[in-house]
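**Student:** build me a model:
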Amino acid sequence: MNLSNILSQIKYKEFIGTKEVVVDNITYDSRNVNQNSIFVAIKGLIEDGHKYIESAIKKGASVIVCEYITEEVKDKSNFIVVENSRKIMAEISCIMNDNPSSKLNVVGVTGTNGKTSITYLLKAISDDLNIKNGVIGTLGIIVDDEHIKTEHTTPESSDVQFLMNKMVQKSVKLCMMEVSSHAIELNRVDNLEFDVAIFTNLTRDHLDFHKTMENYYLAKKKLFYITKNNNIVNVDDSYGKRLYDELKKDNIKVLSYAINNEADIKACNLKTTIKGTSFDLSIEGISKKVFVKTPGKFSVLNSLAALGTAYCLGLDIDEAIEALGNFNGVTGRFEVMDTKLDCTIILDFAHTPDGLEKVMDTINEFAEGRKIVMFGAGGDRDISRRAPMGEIAGQNCDLTILTSDNPRFENPYDICEEIANGVKKYNGEYKIIVEREEAIYYAIRNYKHNDVILLAGKSTEPHQDIGIEKVPYDERTIAKKMIKRVEQELGI
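**Tutor:** The predicted model follows:
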């Protein structure tokens with residue numbers, strides 16, 4: 001693509017150099033620069049990409065997008081000087097990839113909890129209905145049958161546009177995308193066309209970035225004003241009810257979903273066992289029976305969001321319900337592990353007070369023996385949720401095992417002590433085992449008849465953040481290993 005064509009479609013403060021340059025890729029990472037690259041210098045939360053401009057030029061970048069030009073690189077390349085590099089990166093990426101989201105049905109899912117589960121419920125429906133699909137989110141990228149790892153829940157805009165273009169090239173029809181609040185604020189989803197947006201809930205999280213819950217809410221809210229088809233909002237959540245009312249007031253299309261409150265998409269008569277939950281579904285007056293294999297109210301709410309989306313996209317609702325009934329659940333989300341032991345071991349991503357409470361509420365519905373939970377809390381993040389998570393554990397569990405979970409630059413034992421203050425409030429029994437693998441072994445090795453053991457927090461996260469290092473970590477594999485170890489020790 002000729003640079004002059006791009007420049008004619010964007011706004012910029014200043015251009016220095018020649019416009020008759022051919023460019024064929026765009027990147028914000030100087031390590032990925034090659035000939036004909038546009039390198040975008042963005043100011044990150046830790047690093048400033050402007051200090052890598054010289055490196056990008058040496059590697060052959062044809063054009064530099066930046067917010068300022070330093071003396072050492074002046075006159076060494078073609079420069080597009082802009083007000084906001086992230087915003088322009090999204091615009092240029094959309095142009096270079098021929099606006100791929102306009103050729104897909106794109107569903108954006110946002111909220112504190114439930115994003116991953118809903119995208120994979122929609123994938124299960126799409127797979128059953130033979131609709132080619134793609135997923136962008138926490139568990140990685142899926143483009144039809146290709147799997148790609150990612151570092152962010154929502155990748156940077158240049159990556160998102162590239163991936164969606166790849167989906168178009170593979171004849172994908174439906175893309176499910178987790179949309180984080182960071183992504184919205186950092187322009188990662190600018191210039192995308194969303195057909196449907198889903199709001200799951202809003203609880204304390206990411207306040208190290210947003211500072212206040214109001215800022216967090218307002219970031220999420222932006223997504224629902226750019227949809228083409230409809231919005232689907234959980235009105236059992238207080239922020240969801242607020243969002244629904246505000247969208248209605250602004251004449252924005254929206255459907256509500258709920259279990260407890262009146263809603264356009266509603267579930268009632270829930271019956272839960274360890275094998276799953278059945279419920280009666282009503283979608284704008286249409287009544288259906290539904291069964292999903294993951295137990296609990298949170299699973300029902302996620303199913304309502306997925307079925308509501310299928311309804312909005314014009315899919316056959318009976319076929320969608322059948323697809324959910326066949327789906328075994330999302331890896332690492334209330335995943336019941338295979339074991340010969342006389343107990344139930346559950347792997348879940350719950351890492352916020354709300355997430356942990358919802359999982360414990362579900363366990364309380366079927367638990368017959370003791371309830372044991374193992375979890376930790378992230379370092380250098382919102383410390384106000386540590387004691388509340390301890391309180392939830394102390395209220396609901398017979399034993400709480402506190403351990404390391406992305407301590408970053410904090411002492412993991414100190415973090416555990418802060419969580420323990422909440423456990424103590426309810427006189428709950430607890431034990432601190434900082435080494436996470438040992439904590440998992442201890443929880444399983446000391447089980448009793450009919451215990452339910454919840455391994456919470458890490459789930460499918462691929463690493464532990466320790467200092468500046470990302471240490472490879474796989475809780476699912478470790479849990480399987482410890483189950484087998486205990487089975488062998490007990491001769492089972």
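**Student:** hey, let's count contacts and neighbours off CA atoms from now on
**Tutor:** OK.
**Student:** how about the contacts made by E146?
**Tutor:** When the contact criterion is C-alpha atoms under 8 Å, 6 or more residues apart in numbering, E146 has no partners at all.
**Student:** what's next to stretch 328-339, contact-wise?
**Tutor:** Identification of contacts with stretch 328-339 by C-alpha under 8 Å, 6+ apart yields 117, 120-121, 293-294, 344-349, 359, 459-460, 476, 480, 483-484.
**Student:** and those residues, which of them are buried?
**Tutor:** Neighbour counting with 16 or more other C-alpha atoms under 10 Å marks 117, 120-121, 293-294, 344-349, 359, 459-460, 476, 483-484 as buried within the contacts of stretch 328-339.
**Student:** those in strands, which ones?
**Tutor:** Among the buried ones among the contacts of stretch 328-339, the members falling in strands are T344, I345, I346, L347, D348 (criterion: DSSP state E).
**Student:** name the residues linked to the first one by a beta bridge.
**Tutor:** Pointing back at T344 there. Beta-bridge partners of T344, counted by DSSP bridges, are V452.
**Student:** okay, it and P295: tell me how far apart.
**Tutor:** 13 Å (C-alpha to C-alpha, to the nearest Å).
**Student:** what helix or strand is D190 on?
**Tutor:** Per DSSP states H and E, D190 falls between elements, in no helix or strand.
**Student:** can you give me the helices in the stretch 301-450 of the chain?
**Tutor:** 317-326, 353-366, 386-396, 412-424, 436-445 (DSSP state H, counting those that start in this stretch).
**Student:** pick the most buried one from these.
**Tutor:** Of those, the one with the most neighbours on average (mean count of other C-alpha atoms under 10 Å) is helix 386-396, at a mean of 24.
**Student:** which elements pack onto it?
**Tutor:** In this structure, helix 386-396 packs against helix 353-366, helix 412-424, with contacts taken as 3 or more C-alpha pairs under 8 Å, 6 or more residues apart in numbering; DSSP states H and E.
**Student:** list the buried ones in the helix or strand that contains I125?
**Tutor:** When secondary structure is defined using DSSP H and E, the element that contains I125 is helix 115-128. Buried residues in helix 115-128, counting neighbours by 16+ other C-alpha under 10 Å, are found at 115-126, 128.
**Student:** relative to I274, which of the ones in strands among the buried ones among the contacts of stretch 328-339 is nearest.
**Tutor:** When those are compared for distance to I274 (C-alpha to C-alpha), T344 comes out closest, at 9.2 Å.
**Student:** how about the closest residue to C94 other than its chain neighbours, what does it touch?
**Tutor:** By the measure of C-alpha to C-alpha, 6 or more residues apart in numbering, the closest residue to C94 outside its immediate chain neighbours is Q161, 5.9 Å from it. Each residue near Q161 by C-alpha under 8 Å, 6+ apart is listed here: S93, C94, N97, N99, P100, S101.
**Student:** ok, now F79?
**Tutor:** Taking C-alpha under 8 Å, 6+ apart as the definition of contact, the neighbours of F79 are E14, F15, I16, G17, V63, I64, V65, C66.
**Student:** generate a ChimeraX selection restricted to the buried entries among the residues you listed.
**Tutor:** A single ChimeraX command is used to select the members of the contacts of F79 judged buried by 16+ other C-alpha under 10 Å:
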select :63,64,65,66
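**Student:** redo the contacts of F79 as TSV? Include pLDDT.
**Tutor:** Formatted as TSV, the entries for the contacts of F79 read as follows, by pLDDT from 0 to 100:
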residue	pLDDT
E14	96
F15	96
I16	95
G17	94
V63	97
I64	97
V65	97
C66	97
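**Student:** show me where pLDDT drops low in the stretch 201-350 of the chain?
**Tutor:** Confidence mapping of the stretch 201-350 of the chain against pLDDT under 70 gives the ranges 204-211.
**Student:** what are the ranges of the strands in it?
**Tutor:** Residue ranges of the strands in the stretch 201-350 of the chain, as given by DSSP state E, counting those that start in this stretch, are 227-234, 255-258, 265-273, 276-283, 286-292, 335-336, 343-348.
**Student:** redo those strands as JSON lines? Include distance to I419.
**Tutor:** Shown next, in JSON lines, are those (distance: least, C-alpha to C-alpha, whole Å):
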{"stretch": "strand 227-234", "distance to I419": "30"}
{"stretch": "strand 255-258", "distance to I419": "32"}
{"stretch": "strand 265-273", "distance to I419": "30"}
{"stretch": "strand 276-283", "distance to I419": "31"}
{"stretch": "strand 286-292", "distance to I419": "33"}
{"stretch": "strand 335-336", "distance to I419": "24"}
{"stretch": "strand 343-348", "distance to I419": "18"}
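**Student:** I'd like to know which of those strands lies nearest to G134.
**Tutor:** Sorting the strands of the stretch 201-350 of the chain by C-alpha to C-alpha, the top spot, which is the nearest, belongs to strand 227-234 at 18.6 Å.
**Student:** for the closest one, name the packing helices and strands.
**Tutor:** In terms of contacts (3+ C-alpha pairs under 8 Å, 6+ apart), strand 227-234 is packed against strand 194-199, helix 238-249, strand 255-258, helix 297-312.
**Student:** among those, show me which one is buried the most.
**Tutor:** Highest mean neighbour count among the helices and strands packed on strand 227-234 (mean count of other C-alpha under 10 Å): strand 194-199, with a mean of 27.
**Student:** which secondary structure elements does that one contact?
**Tutor:** Using 3+ C-alpha pairs under 8 Å, 6+ apart as the contact criterion, the secondary-structure elements in contact with strand 194-199 are strand 105-110, strand 227-234, helix 297-312.
**Student:** so which of these gets nearest G467?
**Tutor:** Closest of the helices and strands packed on strand 194-199 to G467 is strand 105-110, at 29.0 Å (criterion: C-alpha to C-alpha).
**Student:** for that closest one, what is the distance to the chain centroid?
**Tutor:** Counting by C-alpha atoms, centre = their mean, to the nearest Å, strand 105-110 is centred 12 Å from the centre of its parent chain.
**Student:** quick one on the thing from earlier: okay if I get the buried residues of helix 115-128 as CSV plus pLDDT and distance to D145?
**Tutor:** Putting the buried residues of helix 115-128 into CSV (pLDDT from 0 to 100; distance: C-alpha to C-alpha, whole Å) gives the following:
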residue, pLDDT, distance to D145
K115, 94, 21
T116, 93, 18
S117, 94, 19
I118, 97, 19
T119, 97, 16
Y120, 97, 14
L121, 98, 17
L122, 98, 16
K123, 98, 12
A124, 97, 13
I125, 98, 16
S126, 97, 13
D128, 97, 14
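**Student:** coming back round to it: quick one, which of the helices and strands packed on strand 227-234 gets closest to T153.
**Tutor:** Judged by C-alpha to C-alpha, the one of the helices and strands packed on strand 227-234 that comes nearest to T153 is strand 194-199, at 15.7 Å.
**Student:** coming back round to it: from the ones in strands among the buried ones among the contacts of stretch 328-339, pick the one nearest M167.
**Tutor:** Proximity of these to M167, judged by C-alpha to C-alpha, is greatest for D348, which lies at 29.7 Å.
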